[in-house]
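Participant: just coords:
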């Protein structure tokens, strides 16, 4: 079990990570254990968020009683966002885990959470959503070194989420679930929005991935969400689709 825990945290040597990833991919029971560990890690991060923990540790080290955390209150306390067709980006802290669909077996994964009246909820592949929903993306690197996150919507638009700027994929954070620094508001694009996490062991061109997403967007503009992106060898992908509530009957993710 300890080795699986280190696998989820991406703390094993690269060769051992690769061997264990192959075992998990071939063993349904191991795969379930990995998903359970990931969910548990997400729950801990929700209950004890890193900024709050840092304040507690510093306060204890200084010998003073820490002030009560306002994290739960301020986590979703945002100014009203204008109802526009464009996508809004606003800062938010971390949330709990959701679930994505691996396209090349277990490994790096993408999760999505949505703001609710009393906190947040995890969204799974195929969950419904609507214009104005404020969502937060998170990833688990699981040994992958570099990555990018983007989405394609039912109107054919491609949006970058990681990195927001730059030409090269950034190095991914290790140590469990990593939330992006910004949240994302869904616009009025119809039918669906599909999010892709693309990973590799070496830095790769963001334009290469964006071009693949644009090509998939053109092919899927009047149909279901693209199942995968046509990527160069050496890149892997994980994806999750949100189905828009105003979608046409019968449209949806594969």
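Facilitator: Cool, the structure landed. This one's a predicted model, so the numbers in the text were calculated from it and none came from an experiment. Numbering: from 1, shown residues only.

Participant: all helices of the stretch 51-200 of the chain, in order?
Facilitator: 71-74 (DSSP state H, counting those that start in this stretch).

Participant: does residue 30 touch residue 4 like I think?
Facilitator: Yes. Residue 30 is within contact range of residue 4, at 7.3 Å (criterion: Cβ atoms under 8 Å). Quick note: C-beta positions are derived from backbone N, CA and C, even for glycine.

Participant: report the helix or strand with the lowest average pLDDT across the protein.
Facilitator: Every helix and strand in the chain was compared by mean pLDDT, DSSP states H and E; the lowest is helix 71-74, with a mean of 29.

Participant: tell me the phi and psi of the nearest residue to residue 17 once chain neighbours are set aside?
Facilitator: Among residues not flanking residue 17 along the chain, residue 143 sits closest, at 3.8 Å (Cβ to Cβ, 6 or more residues apart in numbering). With angles defined as degrees, to the nearest 10, residue 143 sits at phi 100, psi -20.

Participant: and residue 143, how many neighbours?
Facilitator: 24 (other Cβ atoms under 10 Å).

Participant: state the distance from it to residue 21.
Facilitator: Remark: distance between residue 143 and residue 21 (Cβ to Cβ, to the nearest Å) = 7 Å.

Participant: go on, residue 153?
Facilitator: Separation of residue 153 from residue 21 (Cβ to Cβ): 31 Å.

Participant: what about these two, which has more around it?
Facilitator: residue 153 (25 against 21).

Participant: tell me the contacts of the more buried one?
Facilitator: By Cβ atoms under 8 Å, 6 or more residues apart in numbering, residue 153 lies in contact with 159, 187, 189, 192-194, 217.

Participant: got it, and residue 215?
Facilitator: So residue 215 contacts residue 230 (Cβ under 8 Å, 6+ apart).

Participant: which secondary structure element is home to it?
Facilitator: In this assignment (DSSP states H and E), residue 215 forms part of helix 206-220.

Participant: quick one: average confidence on that helix?
Facilitator: Helix 206-220 shows a mean pLDDT of 95.

Participant: which other helices and strands does whichever helix or strand comes after that helix contact?
Facilitator: Of the helices and strands lying after helix 206-220 in sequence (DSSP H and E), the nearest is strand 236-244. Secondary-structure packing of strand 236-244 (3 or more Cβ pairs under 8 Å, 6 or more residues apart in numbering; DSSP states H and E): strand 101-102, strand 109-116, strand 128-129, strand 192-200.

Participant: at 6 Å instead, please
Facilitator: The contact analysis (3 or more Cβ pairs under 6 Å, 6 or more residues apart in numbering; DSSP states H and E) places strand 236-244 against strand 109-116, strand 192-200.
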